[in-house]
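Novice: give me a 3D structure for the following:
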Amino acid sequence: MLSGLLPINKPVDIRSTYCVDQIRRAVGRKNKVGHGGTLDSTASGLLVILIGQATRLSSFIMEMPKCYDTVLQLGSETSTDDASGRTVAEADWRDISEKIVDIALCGFLGWRMQCPPNISAVHVDGERAHVLARSGQIPDIAPKAVYFEKIIRTSDISSDGKVSFRIFCRKGTYIRSFARDLGRALFSCAHVHSLERISVGDFSLNECKSAADILNMGADEISKELIPIEKVRLACPSYLADQNTSVRLINGLGVSLTEMKRLSFQSRASENGSIAVISDKLFSVCSAKTVGGTFNLMPSVNIINDRS
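Specialist: Purely as a prediction, here's the structure:
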C-alpha cells in the first residue's frame, strides 16, 4: 500500500478531480487518493495529491497558507469572475493609477468578509452553487470570513488594463472574488485574466514535476516521488514524542506538552489550534485541551508508521 504526498504542477484546462482519478488508476483502487485543496480548471499551479493514509491529512493541508500569482483585467466583470465567463458589466478604467490601486489594496488586508463566486463549489441549500448558477438560478451565497496576509502589486497597469499581483492568503479565499471586489473598490470592474498557485505551506511550485510527467507514471514511479507523511510540516507547531508518549497517543490518551521536545519554534498555531506530534512510529495531529488545570494534547488523527 502506498502512502505519502505528491505535489504536482497542474496546467490550465485540467480539473483537480481528473488528476486524482488518473493517479488512482495508476496506483490501483486499493490505494485511497485525494487532494489537499482544489484548484479551478481555469487556474494552473501547485496541487497537492494525497495517497493512502495521507488522505487523512486533507483538512490540515487545506489550512496551510497559500500564495498565488494572478493577472487581473480591469474594465469588465464576468459571470464567473474570470476570463472563462461572459461579460456582465463594463466600466472605464483609464483614470485608475497604480497609486490608487495600492491604496485600495490596504482595505483588503487581514480578515474581511468575502462572497464566493456564483461558479464555485460552496453549498447553497444542499446544492453546489455552480450547479444552481449553470441552471439559470442566482445562488444566494452567504459571505464568509477570509484572511489576506499580504498583497503585492507586481506590475504597472498595462496599456490594455492588465495588472499583476502576488497574494498570500489562507484557506477559503477566492482570488476571483478578490478581483471582482477590487474592481468595485476602484469604482470600475475587474476579473481574473490568469491565476497560478505557487505555494501551499512549505510546498513550492518550483519543486514540483508537471502533471504531464506524473500522470504518465506507473505505480512504482509514483511511489518514488512521494513525500513521506512524517516529513510534512503542517501549518502548526510540532513536537517530538518519545516511545511512551507515542503509545499514549496511539491509545487515544492525552499527553502533556512538558513530555515532548518542540521541533518548530517558528510555526504559529493554526486556526483550529492543531498541533503535530511526531515520532519514528507515529504522526499525530492533536488538539489542545485543559484537563484538571493541565494543558494536554488529545489526538485527533493518528497515522501509524508500520514500515520496517
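Novice: am I right that residue 181 sits in a strand?
Specialist: No - when DSSP: H, G, I helix; E, B strand; the rest coil is applied, residue 181 is found to be helix, with no strand at that position.
Novice: can you give me the neighbour number for it?
Specialist: 20 (other Cβ atoms under 10 Å). Any C-beta I mention is one placed from the backbone N, CA and C, and that applies to glycine too.
Novice: in contact with it, which residues are there?
Specialist: 108, 114 (Cβ atoms under 8 Å, 6 or more residues apart in numbering).
Novice: pLDDT weak spots in the stretch 101-250 of the chain?
Specialist: Applying pLDDT under 70 to the stretch 101-250 of the chain flags residues 235.
Novice: secondary structure element for residue 20?
Specialist: In this assignment (DSSP states H and E), residue 20 forms part of helix 16-27.
Novice: please spell out which residues along that helix are buried.
Specialist: Within helix 16-27, the residues scored as buried using 16 or more other Cβ atoms under 10 Å are 16, 19-20, 22-24, 26-27.
Novice: list just the nearest of these to residue 113.
Specialist: Distance to residue 113 across the buried residues of helix 16-27 (Cβ to Cβ) is lowest for residue 16, with 26.0 Å.
Novice: tell me the contacts of the closest one?
Specialist: Neighbours of residue 16 in contact, by Cβ under 8 Å, 6+ apart: 10, 35, 38-39, 41, 47.
Novice: quick one, domains of this structure?
Specialist: Domains of the chain are assigned by automatic domain parsing as 4-64+202-229, 67-197, 238-304.
Novice: determine how far the first one lies from the middle of the whole chain.
Specialist: Meaning domain 4-64+202-229. Here domain 4-64+202-229 is found 13 Å from its chain centre; the criterion is Cα atoms, centre = their mean, to the nearest Å.
Novice: start and end of it, how far apart?
Specialist: Distance between the two ends of domain 4-64+202-229: 5 Å, counting by Cα to Cα, to the nearest Å.
Novice: phi, psi for residue 198 please.
Specialist: Main-chain dihedrals, residue 198, degrees, to the nearest 10: phi -110, psi -10.
Novice: that one and residue 281, how far apart?
Specialist: Going from residue 198 to residue 281 by Cβ to Cβ, to the nearest Å gives 34 Å.
Novice: residue 13 now?
Specialist: 43 Å.
Novice: and if you look at residue 67?
Specialist: Plainly put, residue 67 is 33 Å away from residue 281 if you go by Cβ to Cβ.
Novice: then residue 104?
Specialist: Applying Cβ to Cβ to residue 104 and residue 281 gives a distance of 52 Å.
Novice: coming back round to it: neighbour-wise, which of residue 198 and residue 281 wins?
Specialist: Neighbours per residue (other Cβ under 10 Å) separate residue 198 from residue 281, with residue 198 holding more: 19 against 15.
Novice: surely that one meets residue 67?
Specialist: Yes - with contact defined as Cβ atoms under 8 Å, residue 198 counts as touching residue 67 (5.2 Å).
Novice: residues that sit against both of these two, list them.
Specialist: Counting by Cβ under 8 Å, 6+ apart, the residues touching both residue 198 and residue 67 are residue 166.
Novice: A helix includes residue 247, no?
Specialist: Yes - Residue 247: assigned to a helix according to three-state DSSP.
Novice: done for today, thanks.
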